[in-house]
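Undergrad: have a look at this prediction, sequence included:
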Amino acid sequence: MSKHGKILVAMSGGIDSTVAAVMLHNEGWEVIGMTMKTWDYASSGGSKKETGCCNLDSINDARSVAVDLGFPHYIIDIREEFGDAVIENFVDEYLAGRTPNPCVLCNTHIKWNALLRRAKILGCEFIATGHYAQVRSENNRFIVSKGHDDWKDQSYVLWGLTQPVLAITKFPLGGFRKTEIRKMCEDWGYKELAKKSESYEICFIPDNDYRGFLKRRVNGLEAKVAGGNFILRDGTVVGKHEGYPFYTIGQRKGLNIALGKPMFVTDINPETNTVILGDEEELNRTGMIVGGINLVKYDSINDGMESISKVRYKDAGTPSYLFNDGKNIRVEFHTQVKGIAPGQSAVMYEGNDLLGGGIIQKSFDLKLG
């Protein structure tokens, strides 16, 4: 009989999820480990071998720890559901002129859904992951807050978790710094694992060549989108681009165009196959419309509510006001924000607590009209 109950732990084979599992085991939980096979990189036609959570070495690392400590470990194949949702969304978003964040979609829908289904089958009361975030119960809500380690905080990618999911989710690493986690791993005898480097690549594009991935994924893509115009905000044509899906808001490098000064992608119009360029100042916006909203701390927002809003993972966040806009939220920043990209996640905070988040639909700037 376990001290706390039965808990299903997502184990990628990396240091964070491994330490989370060992920590819970040492605390007296009845741990069951689960590693998810999401992608075979060879099927994408890339030139680099599998890395991260999907390679055989990582799966073996997770299993060896489970065997060492004597708790069950399962490997489940979720490649079909991962591909249907994450890959198709990734491609569709780029073809719509937006910049997707596949890791958020995978974390909050595919992986958590897979965990929840298996937890029910295995009789687990809780699930756990190695994310650097914290969750608590307050005022009949389950609230996500930032992890103790500011650099590793991963609350940004968890904005899509619903209240029923948060009610049974544990984040054992939330109160620790990464340096402390590495030290624990070493102290427990997993010295090689403690040396593992961080992986920041998208699992299905480990060579970071998303353009090549799109070309291989969409038959005849180049013929459909090549030869469009680079234009300025006033409509002046200044060159030809390689196809609008191959550019992102804020991009400066790889434009292969010389206008006598640094130029940036400020907007993308898939209907006309045009990519709008401007100087760095033209990337500034005063607000954005955010859709697909999931609220975490409260069940609704009041117009004019203040928040710190982030427009990308490593964004420090900017003070803003929030307003209801039908099913969307309109975010008005106190100061201009650079490089807001439709398709990316917008996440709003009240102090260290996650108010909620959604997907950026469009940005606006009152000065530009």
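TA: Right, received. Where do you want to start?

Undergrad: would you map the helices across the stretch 101-250 of the chain?
TA: 102-105, 112-122, 163-166, 178-187, 191-194, 210-217, 221-225 (DSSP state H, counting those that start in this stretch).

Undergrad: now for the ones you listed, which one comes closest to Asp68?
TA: helix 191-194 (11.1 Å; C-beta to C-beta). Backbone N, C-alpha and C define where each C-beta goes, glycine included.

Undergrad: list the buried ones in the closest one?
TA: Leu193, Ala194 (16 or more other C-beta atoms under 10 Å).

Undergrad: which one of the helices of the stretch 101-250 of the chain lies closest to Met305?
TA: helix 163-166 (19.2 Å).

Undergrad: if you count neighbours, what's buried in the closest one?
TA: Neighbour-count burial for helix 163-166 flags Val165, Leu166 (criterion: 16+ other C-beta under 10 Å).

Undergrad: highest mean neighbour count out of the helices of the stretch 101-250 of the chain?
TA: Greatest average neighbour count among these goes to helix 102-105 (a mean of 20), per mean count of other C-beta atoms under 10 Å.

Undergrad: and the contacts of that one?
TA: Contact partners of helix 102-105, identified using C-beta atoms under 8 Å, 6 or more residues apart in numbering, comprise Ala85, Val86, Ile87, Asn89, Phe90, Val157, Trp159, Gly160, Ile202, Phe204, Ser345.

Undergrad: check contacts around the third one.
TA: Read it as Ile87. Neighbouring residues of Ile87 by C-beta under 8 Å, 6+ apart: Pro102, Phe204, Arg217.

Undergrad: which of the contacts of helix 102-105 ranks first by neighbour count?
TA: Trp159 (27 neighbours; other C-beta atoms under 10 Å).

Undergrad: that residue: what's its closest spatial neighbour, skipping adjacent residues?
TA: Gly357 (2.8 Å; C-beta to C-beta, 6 or more residues apart in numbering).

Undergrad: what's the burial count for that neighbour?
TA: Residues within reach of Gly357, counting by other C-beta under 10 Å, total 30.

Undergrad: wasn't it part of a strand?
TA: Yes: counting by DSSP: H, G, I helix; E, B strand; the rest coil, Gly357 falls inside a strand.

Undergrad: against which helices or strands is the helix or strand harbouring Tyr349 packed?
TA: Assessed by DSSP states H and E, Tyr349 sits inside strand 345-350. Counting contacts by 3 or more C-beta pairs under 8 Å, 6 or more residues apart in numbering; DSSP states H and E, strand 345-350 packs against strand 305-310, strand 328-338, strand 353-364.

Undergrad: hmm, 10 Å instead?
TA: Here strand 345-350 touches helix 102-105, strand 141-146, strand 284-295, strand 305-310, strand 318-325, strand 328-338, strand 353-364, going by 3 or more C-beta pairs under 10 Å, 6 or more residues apart in numbering; DSSP states H and E.

Undergrad: so how far is it from its chain's centroid?
TA: Chain-centre distance of strand 345-350: 13 Å, with C-alpha atoms, centre = their mean, to the nearest Å.

Undergrad: tell me what angle it forms with strand 353-364.
TA: Relative orientation of strand 345-350 and strand 353-364, computed by axes from the mean of the first three to the mean of the last three C-alpha atoms, to 10 degrees: 130 degrees.

Undergrad: okay, now the sheet partners of strand 345-350, with direction.
TA: Paired neighbours of strand 345-350 in the sheet (DSSP bridges): strand 305-310 (antiparallel), strand 353-364 (antiparallel).

Undergrad: tell me the contacts of Asn26?
TA: Leu69, Met184, Trp188 (C-beta atoms under 10 Å, 6 or more residues apart in numbering).

Undergrad: can I get the residues you listed in TSV with distance to Gly147?
TA: Output for these, formatted as TSV (distance: C-beta to C-beta, whole Å):
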residue	distance to Gly147
Leu69	25
Met184	15
Trp188	21
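
Undergrad: remind me which residues of the stretch 51-200 of the chain are low pLDDT?
TA: For the stretch 51-200 of the chain, residues meeting the criterion pLDDT under 70 lie at 51-54, 199-200.

Undergrad: what residues are bridge-paired with Leu8?
TA: Where Leu8 sits in a bridge, its partners, by DSSP bridges, are Ile32, Ile127.

Undergrad: I'd assumed Met36 was in contact with it.
TA: No: using C-beta atoms under 10 Å, Leu8 makes no contact with Met36, being 11.4 Å away.

Undergrad: any common contacting residues for those two?
TA: The contact sets of Leu8 and Met36 overlap at Tyr74, Leu115, Arg118 (C-beta under 10 Å, 6+ apart).

Undergrad: who touches the nearest residue to Arg63 once chain neighbours are set aside in this structure?
TA: Leaving out its chain neighbours, the residue that sits closest to Arg63 by C-beta to C-beta, 6+ apart is His73, at 5.1 Å. By C-beta under 10 Å, 6+ apart, the residues touching His73 are 9, 11, 21, 31-35, 59, 62-67.

Undergrad: how about Met23?
TA: Taking C-beta under 10 Å, 6+ apart, one finds Val9, Trp29, Val31, Ala128, Gly130, Lys170, Pro172, Leu173, Phe176, Ile181, Met184, Trp188 in contact with Met23.

Undergrad: from Gly130, how far out is it?
TA: As judged by C-beta to C-beta, to the nearest Å, Met23 and Gly130 stand 10 Å apart.

Undergrad: list residues touching both of the two?
TA: Listed as contacting both Met23 and Gly130 by C-beta under 10 Å, 6+ apart are Val9, Pro172, Leu173, Ile181.
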